[in-house]
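> Sharing a model prediction with you, sequence too.
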Amino acid sequence: MARKAFDQELQDLEERLQEMGRMVEEALVASVQALKHRDLEMARQIIDADHKVNDARFEIEYETLVVIARQQPMAVDLRTLASVLEIATELERIGDYAKGIGKITIRMGTEPFVKPLIDIPRMAEKARNLLHRALQAFFKRDVELARSIPREDDEMDALYNQIYRDLTAYIIADPALVNRASYLIWVAHNLERAADRVVNICERVIFTVTGEVVEFDDDRDKI
Amino acid sequence: MEKVRVEHLDFYYGSHLALSGISIPIQGRQITALIGPSGCGKSTFLRCLNRMNDTIRGTRVSGKVLLDGQDIYDPKTDVIELRKRVGMVFQRPNCFPQSIFNNVAFGPRVLGRGDRNELARVVEESLRSAVLWDEVKDKLNQDALSLSLGQQQRLCIARTIAVKPEVVLMDEPCSALDPIATLQIEELMRSLKTSYTIVIVTHNMQQAARVSDFTGFFWMGELVEFDVTKSIFTVPTQKLTEDYITGRAG
């Protein structure tokens, strides 16, 4: 079969992207675990480990540019490589959100939560699950899976809105809680943004396979 | 605006159907590239556009090739005049074994322009258009065959445009040239398209992607897909096109 070497290079790139995705999924869940258990050491490790995610992104970017320059890909190959670049960027940003949660954990120190952490860990697990499935949709070129995931982003938005309302109510009732409540709002916001990045990945999957540019809009019915 | 329109063209070498049902619009002052594997009929099709296939015994055409709305296969067509309007550059530079000046002046002389000053003006203008003037202006009487292959090809282009064609057909014009000469010819094509309609056959897909505005993909005598070049090379609609341009077919 023609282009064996090129196909191998594409596969190598996707394996790098898989590994980067795995790192980011772990960081997302671990960051909220560290917060829940007030594990400041774990939070510091998550912050330090973010540089590995950044390094992975730059390595993928470089290798992708090398493949483009050397192999002069066309059509689906070109779209795939463009999507690899975009998805690596999205993963790097999700990694930043995990790092941000780690920083909040350290800032909060041992201050008690204004309310038990129930919805935030649910959001973290949901975000991880959405990310995992979106990446699988890319690696398997599964357009139907990619189209279905953005609908579930609605649940994340609903969770975030609920958390925001609840914590805002706490602040109104007792303004002294503003810092502790705001930190948790920020954590929820990071997880909600991570899910938005997952939707972007789904859009790239559809573009890769079909060439169609779609935009899943928060404000309209999901496709 | 369309300069050439091909409608349901069939072409036969004897009883062999080499081209089947080709319909394609060639836009004026744009570059249209024809790609496809060896033997798919690209060059045969190109030669249909100025009836060069007439010189091959046993060939037959059906369908229409409309140049500015007039069918060039109408029996009343003046084929000599046609080939003035639709010029051709070939794969291997084929300069005449004469001086650089006489190579370019040949066509205008045949068309009756004998005035020395007029010829000198046409030769300079054509060589400038072919981005060759600065390299040869001090040696116009030199043998054309003493030039490098890249220069010879540009000379052939100058010779073609000296008779002021409307369409320039190029059959793999760079395949005998080194990469630098190739890029020079590609730059020349881009500048020429402001004045001429260009149709190029090329084996080099990257070249087609670089220089052309429209691309037609041929396969076994049929036109599989025709579209703006950026679409052909990013989101082709036909699987066979995609397989070919990604190197997985042909």
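Great, that's in hand.

> what about B:Phe226, which SS state?
strand (DSSP: H, G, I helix; E, B strand; the rest coil).

> gap between it and B:Met1?
Distance from B:Phe226 to B:Met1, counting by Cβ to Cβ, to the nearest Å: 17 Å. Every C-beta, even on glycine, is put in place using the N, C-alpha and C of the backbone.

> What count of nearby residues applies to the residue in chain A that chain B sits nearest to?
At 3.3 Å from chain B, A:Gly211 is the closest residue in chain A, using Cβ to the nearest Cβ. A:Gly211 is flanked by 16 other residues according to other Cβ atoms under 10 Å in any protein chain shown.

> quick one: it from A:Phe139, how far?
From A:Gly211 across to A:Phe139, the span is 19 Å (Cβ to Cβ).

> Once you drop chain neighbours, what's closest to the residue of chain A closest to chain B?
B:Val235 (3.3 Å; Cβ to Cβ, 6 or more residues apart in numbering or on different chains).

> Now that the one you found has come up, it's in contact with A:Ala75, right?
Yes - B:Val235 is within contact range of A:Ala75, at 6.9 Å (criterion: Cβ atoms under 8 Å).

> Need the pLDDT of residue 60.
Going with chain A. Note for A:Ile60: predicted pLDDT of 97.

> actually it's chain B I care about, not the one you picked
Taking B:Arg60 on its own, its pLDDT is 95.

> Tell me the bridge partners for it.
B:Tyr12 (DSSP bridges).

> Let me see the ranges of the strands in chain A.
With strands called from DSSP state E, chain A shows none.

> Show me which residues of it are close to chain B?
Within chain A, the positions near chain B by Cβ under 8 Å from any Cβ of the partner chain are A:1-3, A:6, A:72-79, A:211.

> State the pLDDT value of the residue of chain A closest to chain B.
According to the prediction, A:Gly211 has pLDDT 95.

> Isn't it up against B:Ile232?
No - contact criterion Cβ under 8 Å: A:Gly211 and B:Ile232 do not qualify, at 11.6 Å.

> about what we covered before: which residues touch the residue of chain A closest to chain B?
Each residue near A:Gly211 by Cβ atoms under 8 Å, 6 or more residues apart in numbering or on different chains is listed here: A:Val76, A:Arg79, B:Thr234, B:Val235.

> For those, give me JSON lines that also has distance to B:Ser146 and pLDDT.
Output for the contacts of A:Gly211, formatted as JSON lines (distance: Cβ to Cβ, whole Å; pLDDT from 0 to 100):
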{"residue": "A:Val76", "distance to B:Ser146": "48", "pLDDT": "96"}
{"residue": "A:Arg79", "distance to B:Ser146": "48", "pLDDT": "97"}
{"residue": "B:Thr234", "distance to B:Ser146": "44", "pLDDT": "90"}
{"residue": "B:Val235", "distance to B:Ser146": "47", "pLDDT": "92"}
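
> Can you lay out these as CSV showing neighbour count and distance to B:Thr182?
Output for the contacts of A:Gly211, formatted as CSV (neighbours: other Cβ atoms under 10 Å in any protein chain shown; distance: Cβ to Cβ, whole Å):
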residue, neighbour count, distance to B:Thr182
A:Val76, 20, 27
A:Arg79, 19, 27
B:Thr234, 17, 23
B:Val235, 18, 27
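
> And the helices in chain B?
Ranges of helices within chain B are B:42-48, B:79-85, B:100-110, B:116-129, B:133-136, B:149-161, B:179-192, B:205-211, B:229-234, B:239-245, based on DSSP state H.

> Find the closest residue to chain A in chain B.
Of all residues in chain B, the one sitting closest to chain A is B:Val235 (3.3 Å; Cβ to the nearest Cβ).

> returning to what we had before: which one of the helices of chain B lies nearest to B:Ile24?
helix B:42-48 (8.4 Å; Cβ to Cβ).

> Can you tell me which helices and strands that closest one packs against?
The helices and strands touching helix B:42-48, judged by 3 or more Cβ pairs under 8 Å, 6 or more residues apart in numbering or on different chains; DSSP states H and E, are strand B:2-13, strand B:16-27, strand B:31-35, strand B:167-171, strand B:197-201.

> And the contacts of the third one?
Contacts made with strand B:31-35 from outside it, assessed by Cβ under 8 Å, 6+ apart, are listed as B:26, B:42, B:45-46, B:189-190, B:193, B:197-203, B:205, B:207-208, B:211-218, B:229, B:244-245.

> okay, now A:Leu91: neighbour count?
26.

> near chain A, which residues of chain B?
B:205-206, B:209, B:233-236, B:241-242, B:245-248.

> Buried subset of these, written for PyMOL?
One line in PyMOL is enough to select the buried ones among these; burial here means 16 or more other Cβ atoms under 10 Å in any protein chain shown:
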select buried, chain B and resi 205+209+233+234+235+236+241+242+245+246+247
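
> With adjacent residues omitted, what lies nearest to residue 178?
Since no chain was named, I'll use chain A. A:Val178's closest residue in space is A:Ile171 (Cβ to Cβ, 6+ apart), at 5.1 Å.

> um, chain B though
Residue nearest to B:Asp178 in three dimensions, not counting chain neighbours: B:Gly150, with 6.9 Å by Cβ to Cβ, 6+ apart.

> can you pull the contacts of that neighbour?
Applying Cβ under 8 Å, 6+ apart, one finds that B:Gly150 lies in contact with B:Leu177, B:Asp178, B:Ile180, B:Ala181, B:Thr182, B:Gln184, B:Ile185.

> do A:Trp186 as well
Per Cβ under 8 Å, 6+ apart, neighbours of A:Trp186: A:Gly100, A:Ile104.

> Surely A:Ile149 is in contact with A:Val199?
Yes - checked against Cβ under 8 Å, the pair A:Ile149 and A:Val199 is within contact range at 7.2 Å.

> Now do the contacts for B:Ser148.
Contacts of B:Ser148 by Cβ under 8 Å, 6+ apart are B:Ala181.
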